[in-house]
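[1] Here is my input, please return the structure:
(one chain, ligands or ions: 1)
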Amino acid sequence: MTVKLYYKDPYIRTFETTVKNEQIDEQGRYVVLHETAFYPTGGGQPHDVGTINGVRVKDAQEVDGEVRHYVEESLQSQEKVTGEVDWVRRFDHMQQHAGQHLLSASFEDLFGYKTVSFHLGQETCTIDLDVPKLTEEEAKRAEESANKIVLKNTEIISKWVSPDEAQQYPLRKQLSVSENIRLVMIPKVDYSGCGGTHPAFTGEVGGISILKWEKQKKQVRVTFVCGQRMIDELYKKQKVMETLTKTLSVPEENVGEATKRLLQQTNDQEKTIDNMKEKLLTYEAEKLVATPHTVGHNQVVQLISYEYGMKELQKLAKIVLNENSSVIVLLISEVGGKIQIVCGRGSNLTLDMNLVLKEVLPVINGKGGGKKDFAQGGGEAIRSAEDVMKELLNRCTVKV
Ligand SMILES: [Zn+2]
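    The predicted structure follows:
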C-alpha cells in the first residue's frame with residue numbers, strides 16, 4: 001500500500017520519497033512510490049498531475065491500494081525522488097469538491113432534494129438532484145445558503161472511523177464501503193463518507209455559483225462553479241457582454257430587448273424578401289409567356305438562369321403553365337458547378353416531359369424524374385447550359 005500523504009495533509013505539494021517499482025501496463029509506463037501526495041482519480045475527483053524528479057506525471061490511478069503515477073520518462077535508475085503536485089489544478093479540485101458538499105447539503109436541508117451524482121469537469125461541475133424539476137427560487141436559495149456557509153469559514157474535518165462510530169453521525173448518505181471509512185465533516189452542515197481532498201475551512205471554497213440547470217431524464221442536472229472558476233466564468237461572460245454591447249450599441253441591461261428587436265426585424269425582412277422574390281418570379285414568368293419560341297410544331301418558353309435554384313425554377317414553370325396551357329416550358333439553371341432542369345408542358349399537349357428529361361440527364365451525369373407533364377432533375381455542369389438546352393429542344397419538335 002502506498003502511504004497517502006494527501007490524507008495526512010491535503011496541502012502537501014512537494015514531498016521526498018523513494019521509488020518502489022516501475023512497470024508498464026496498457027495505459028503506459030507507471031511508477032509506484034513508497035509515499036505520495038498525488039491524488040488518484042476517485043470519488044468524482046480527477047487525478048493530480050505534476051512531476052517526479054522533473055519527469056511529468058500525466059495521470060495517477062489507484063489499483064489495490066497502490067497509486068500508479070503514469071510518467072512520460074523512465075525513473076528506473078533513480079532511487080530517491082522529489083514529487084511535486086500541480087497545485088493550481090489540485091487546489092481547484094479541492095474548491096470544487098468542498099463546494100459540492102455545501103451545495104448538496106443546502107439542496108437537501110432546504111428542500112429535501114437528494115444529490116445522486118457529482119461530476120467535476122474541466123470547466124464546470126454538475127450534481128444530479130433526484131427531483132423532476134427545480135425552480136429559479138429554489139436554485140437561488142440553495143446557492144445563497146451554500147455561500148453563507150462559505151462566509152462562516154467553518155472547519156472541514158476528515159476522520160477515519162469504524163462502521164459503529166460512523167453511525168453516530170447524521171450521515172447524508174448510506175456508506176458505500178464497510179471498512180477504511182473516511183468521514184468528511186462540516187459541523188452542523190454535512191457529514192458524508194468521502195475519499196476526496198478538501199480545504200481546511202469552507203472559506204477557501206471562495207464562493208459557489210449555479211450557472212444553469214436542466215432536466216435529465218427524471219432528475220435535474222445543476223451546473224455550478226466554485227472559487228477561481230467563478231472569477232474565470234465572470235471574465236468570460238464579461239467578454240461576451242462587451243462584444244454584445246458594442247455590436248448592438250446598447251447598455252448591458254438592454255441587450256436582451258435589443259436582440260429580440262433585431263431578430264424580429266430580420267424575420268420581417270425575410271418575409272419582405274420572400275414577397276419580393278415572388279413578385280419578381282411572376283414578372284419574369286409573364287415576360288417569358290409573352291415571348292414563346294416556335295420549335296418545330298410547338299411553342300416553347302425557355303430560360304437559362306445563373307442565379308435561380310430548383311425551387312425558383314419550379315415556381316416559374318408553374319406560373320407559366322398556369323398562364324398558357326398550350327406551351328412547353330424548358331428552364332435550366334447553372335449555379336456552382338451544378339445544372340438543374342425543369343421541364344413541363346400545358347394540359348393541351350401530350351408530349352412526355354419525363355421522357356424528354358430522362359433522355360437528356362445522362363449528358364450531365366444527372367438524376368431526376370417526375371410526371372408526363374412536369375419533371376425535374378439535376379447533374380454536373382460538364383456541358384454548358386446552352387448545350388443542355390439544345391438537347392432538350394431537339395426532343396420537343398414533334399407534333400403532339
Ligand atoms: Zn468530498
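
[2] Output the set of residues of the stretch 201-350 of the chain in proximity to the ion.
    Counting by CB under 5 Å from the ion, no position of the stretch 201-350 of the chain is adjacent to the ion. Quick note: C-beta positions are derived from backbone N, CA and C, even for glycine.

[3] At which residues are the helices of the stretch 201-350 of the chain located?
    Ranges of helices in the stretch 201-350 of the chain, per DSSP state H, counting those that start in this stretch, are 228-248, 255-290, 310-323.

[4] who's in contact with the shortest one?
    With contacts defined as CB atoms under 8 Å, 6 or more residues apart in numbering, helix 310-323 is touched by 277-278, 281-282, 284-286, 288-289, 301, 303, 305, 308, 327, 329, 331-333, 340-347, 374, 376, 378.

[5] Among the helices of the stretch 201-350 of the chain, show me which one is buried the most.
    helix 310-323 (a mean of 19; mean count of other CB atoms under 10 Å).

[6] quick one, that one and helix 255-290 angle?
    Relative orientation of helix 310-323 and helix 255-290, computed by axes from the mean of the first three to the mean of the last three CA atoms, to 10 degrees: 40 degrees.

[7] Run the chain-centre distance for helix 310-323.
    42 Å (CA atoms, centre = their mean, to the nearest Å).

[8] For the closest residue to the ion within the stretch 101-250 of the chain, give me its contacts.
    The stretch 101-250 of the chain approaches the ion most closely through residue 194 (3.3 Å), counting by CB to the ion. Each residue near residue 194 by CB under 8 Å, 6+ apart is listed here: 43, 101, 158, 182-184.

[9] could you redo the last one with a cut-off of 6 Å?
    By CB atoms under 6 Å, 6 or more residues apart in numbering, the contact set of residue 194 is residue 184.

[10] again, but for residue 304
    So residue 304 contacts 332, 385 (CB under 6 Å, 6+ apart).

[11] Tell me what it is bridged to.
    With DSSP bridges as the criterion, residue 304 is bridged to residue 332.

[12] before we move on, back to that, would TSV of the helices of the stretch 201-350 of the chain with mean pLDDT be doable?
    Formatted as TSV, these follow (pLDDT from 0 to 100):
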stretch	mean pLDDT
helix 228-248	96
helix 255-290	94
helix 310-323	94
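
[13] Need the ones you listed in JSON lines (columns: distance to residue 1).
    Output for these, formatted as JSON lines (distance: least, CB to CB, whole Å):
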{"stretch": "helix 228-248", "distance to residue 1": "33"}
{"stretch": "helix 255-290", "distance to residue 1": "57"}
{"stretch": "helix 310-323", "distance to residue 1": "71"}
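
[14] gap between the residue of the stretch 101-250 of the chain closest to the ion and residue 163?
    Separation of residue 194 from residue 163 (CB to CB, to the nearest Å): 16 Å.

[15] ok, residue 30 - how many residues close by?
    Number of residues near residue 30 (other CB atoms under 10 Å) recorded here: 21.

[16] ok, it - contacts?
    By CB under 6 Å, 6+ apart, the contact list for residue 30 reads 68-70.

[17] so where do the strands sit in the stretch 101-250 of the chain?
    Taking DSSP state E, counting those that start in this stretch as the criterion, the stretch 101-250 of the chain carries its strands at 115-120, 125-129, 157-161, 181-186, 190-193, 208-216, 219-226.
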